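> no sequence on this one, just coordinates:
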């Protein structure tokens, strides 16, 4: 897959590193990790680029600044047309399915369902366990979020903001500029995002540090207050999960 890079980033486990390196030798792989990792890198094949950095002193609420920094560090090394961002503590089979979804909708950003919320529940709350699409668009998304963070542009002093909310809102504001309107959120989500069916990625390990939960092949979006498809953001009634 010469035009796709797997970007493994953040906290890194030996299990996940071994899985991706051994499972996907046909892909370009960039690993962007924190320097405190304890992963044995003695096996680093030619298709793998490894980069690391110290965690910033200013982590930000929900470690927003940390997550932006480690992602941008890795994105700088991605040279392919498309990128699939994955967590360094998880693993997913059948990455080819994500590639097929990108090919079907190349102008959308593809995410996992975990914590992708209905706007009536948590506006702008997409998911960031998986983020896939055109590399230049993902770079724009994270770069504009970093600029918004540095300039304190959005969510000023708001204690309940999450990285996903910050990432989505700054991206949409940066993309639509003067045409951006809060009341258009539903159409923005429909026009710009797709939710990946995790059942197509089995066997997988999905992890939420926020909730202290791990799922092995058994994540149910509704019972975990998440949407199954992006079309559900347009539902007028309450979201299809229990609040």
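Structure received. Computed from a predicted model, the values in this text were never measured in an experiment. Residues are numbered from 1 along each chain as shown.
> thinking in terms of the whole chain, how far from its middle is stretch 24-43?
With CA atoms, centre = their mean, to the nearest Å as the basis, the distance from the averaged C-alpha position of stretch 24-43 to the chain average is 18 Å.
> Now it: buried residues?
Residues 24, 27, 28, 29, 30, 31, 32, 33, 34, 37, 39 are the ones in stretch 24-43 that count as buried (16 or more other CB atoms under 10 Å). From N, CA and C alone the C-beta is placed, and that goes for glycine too.
> Now do it: distance from first to last residue.
As for stretch 24-43, its first-to-last residue distance stands at 14 Å under the measure CA to CA, to the nearest Å.
> Return the list of helices and strands in contact with the lengthiest helix in the chain.
Ranked by residue count and defined by DSSP state H, the top helix of the chain is helix 135-150. With contacts defined as 3 or more CB pairs under 8 Å, 6 or more residues apart in numbering; DSSP states H and E, the secondary structure elements packing on helix 135-150 are helix 64-75, strand 82-87, strand 109-111, strand 131-134, helix 163-176.
> Redo the buried residues of stretch 24-43 as a markdown table? Include pLDDT.
Putting the buried residues of stretch 24-43 into a markdown table (pLDDT from 0 to 100) gives the following:
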| residue | pLDDT |
| --- | --- |
| 24 | 97 |
| 27 | 97 |
| 28 | 97 |
| 29 | 98 |
| 30 | 98 |
| 31 | 98 |
| 32 | 97 |
| 33 | 96 |
| 34 | 93 |
| 37 | 92 |
| 39 | 95 |
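> Tell me where the chain is predicted with low confidence.
1, 242-243 (pLDDT under 70).
> Helices along the chain, start to end?
Secondary structure of the chain (DSSP H): helices at 14-23, 64-75, 95-104, 135-150, 163-176, 185-192.
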